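>>> Provided below for reference: sequence and predicted model.
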Amino acid sequence: MKIYPVCENRAFQRAYKKGKKAAGKYIVVYVIKTSDKDAAKTAHGKPVTRLGLTVTKGRGGAVVRNRIKRVLRAAWCGAAEKCAFSGGLDVIIVARDAAAEAKSSDILPELLSLSEKLGVTEANRNPES
RNA sequence: AAACACUGCCGCGCUGCCGCGCGCCCAUAUCAUAUCGGGCGUGAGGAAAGUCCGGGCUUCAAAGGGCAGGAUAACGGAUAACGUCCGCCGGAGGCGACUCCCGGGAAAGUGCAACAGAGAUAUACCGCCGCGCUCACGCGCGGUAAGGGUGGAAAGGCGAGGUAAGAGCUCACCGGCACGGCAGGCAACUGCCGCGCCCUGUAAACCCUAUCCGAAGCAACGCUCCGCAAUGCCGAGUCACCGGCCCGGUGCAUGGCGCGGAGCGGCAGCGGGUCAAACCCGCGAGCCGUGAGGCAACGAACGGCACAGAUAGAUGGCAGCGUAAGACAGAACCCGGCUUACAGACAGUGUUUCACG
RNA sequence: UGCGGAAUUGUGUAAUGGCAGCACGACAGACUCUGACUCUGUUUGUGAGGGUUCAAAUCCUUCUUCCGCAG
């Protein structure tokens, strides 16, 4: 499973200002439709859903932050196996304090429930992929 | 054996499964690249950290001189260099092994020293002594730094001579400082002798002396392609390069500079293609081993090794074994140090005390 | 990642090396029938450790925290 990253600062700013959000114990999720300028497509021509991570310095040093980002990506991949996301979205995940100690298995159900709340999943549409 | 002192070294290893970055090969789609992909190789530190010093490298024409500014501070050495390291001298601490020291100059000059105290770099409050006046208490003039009290600091300490009372005023001893000589040492310095002086502290106050330093930093900067309207000035100078200043030097038409307005982009910068491509980018004062030489830091010489290179930024999870796997923590142009953080493991040398022989 | 700066009471700010002030706030009292205004008084302090000095908010040094600039 390949992760398409959100790199541009403008995309993050757009998500914070205009996107929909939902908060949980470990994470806060922002979702917005990818702007035309940054849109990318897969080899099959489908629009791609991109993942952006925000882990601020307040969460810890470089080692701790790298670990949080690893865990969040693992949860993202786990979620993508269970249900497909709608195409052409930017999804920004912001780590909260509790995320420093969390496992990916702790975050996975929270990510799923928050996604459902925001209505960005198309559940079990394509379970094989 | 106990308590210490110093130094070095490691800071997870192996197996299996899942997963990540990079390189190569293969497969698949397409022939530019991409991935349900597969295989092999490879992949953070002792501090990678703080950014406190020193270099390399890059750009400023070259990196020239002086002033200003900054840094360092016993001496000798190591080193590319250093504020680092080693040795040594002096001082301080410890029974000792050993440790610690921003350790030049206050006798070139200037400044500062609150409060207290009579007086703070020179002075007479109490006291002591002499003279004059007074019946007397005492008052006035002068001498004095021994005693008192204040203070961080009060003119070196103590004894004798001396005196009206006293005082390095004189002398002996002790202490300190400066100069000269002799001996030892590469030197700092140490010892002895002679002669002179006795002078407060502060230079992490200005300063003086000696030595060193051009500036900026990979977000530096280099480069392929495309685009860029109208207008003014300079054009061998009242120009530009240089950044605080001066001198000197260099460049000048495919050039340099500026005011106002308009458009576009951006947080900002001439702009854009932009997740295009390439380069800086890892062979370097590199690492490992032996090691002439040297008290040591270091290191001639010889042999061997190929050992991260990301770009929202890669190392983790589970199980088993190893007694136990657990700290601080992640390269971002590259090195040498310093400082700070740190669970635990190992090795060596030495000191003191106790016990036994 | 690189470069630069700052830290003084609850808040904002002063202080040639010599007792740390000022304003607002808080608290108490006075004035008033009560409250506000006003007046009087009190409280709370140099980010942390080490050093230089007789004496440090100030000088030196090592940390901590915060802020700014550079895409």
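Yep, that arrived.

>>> how close does whatever residue of chain A ends up closest to RNA strand B sit to A:I68?
Nearest to RNA strand B in chain A, going by Cβ to the nearest atom of the strand, is A:G61, at a distance of 2.9 Å. (Each C-beta comes from the backbone N, C-alpha and C, glycine too.) Using Cβ to Cβ, to the nearest Å, one obtains 11 Å as the distance from A:G61 to A:I68.

>>> for chain A, which spans come out with low pLDDT?
Under the criterion pLDDT under 70, the flagged ranges of chain A are A:1-3, A:5-11, A:13-14, A:17, A:34-48, A:82-88, A:120-129.

>>> so how many other residues sit close to the residue of chain A closest to RNA strand B?
By other Cβ atoms under 10 Å, 8 other residues sit near A:G61.

>>> go on, the one 10 residues further on?
The tally of other residues near A:V71 (other Cβ under 10 Å) stands at 21.

>>> before we move on, which element is it in?
Using DSSP states H and E, A:V71 maps to helix A:62-82.

>>> Chain A: helices as residue ranges?
Here chain A has its helices, by DSSP state H, at A:9-18, A:62-82, A:104-118.

>>> Which residue is the nearest non-sequential neighbour of A:A98?
Once flanking residues are discounted, A:A98 sits nearest to A:Y26: 5.1 Å by Cβ to Cβ, 6 or more residues apart in numbering.

>>> Touching, that neighbour and A:V94? I think so.
No. Using Cβ atoms under 8 Å, A:Y26 is not in contact with A:V94, being 10.1 Å away.
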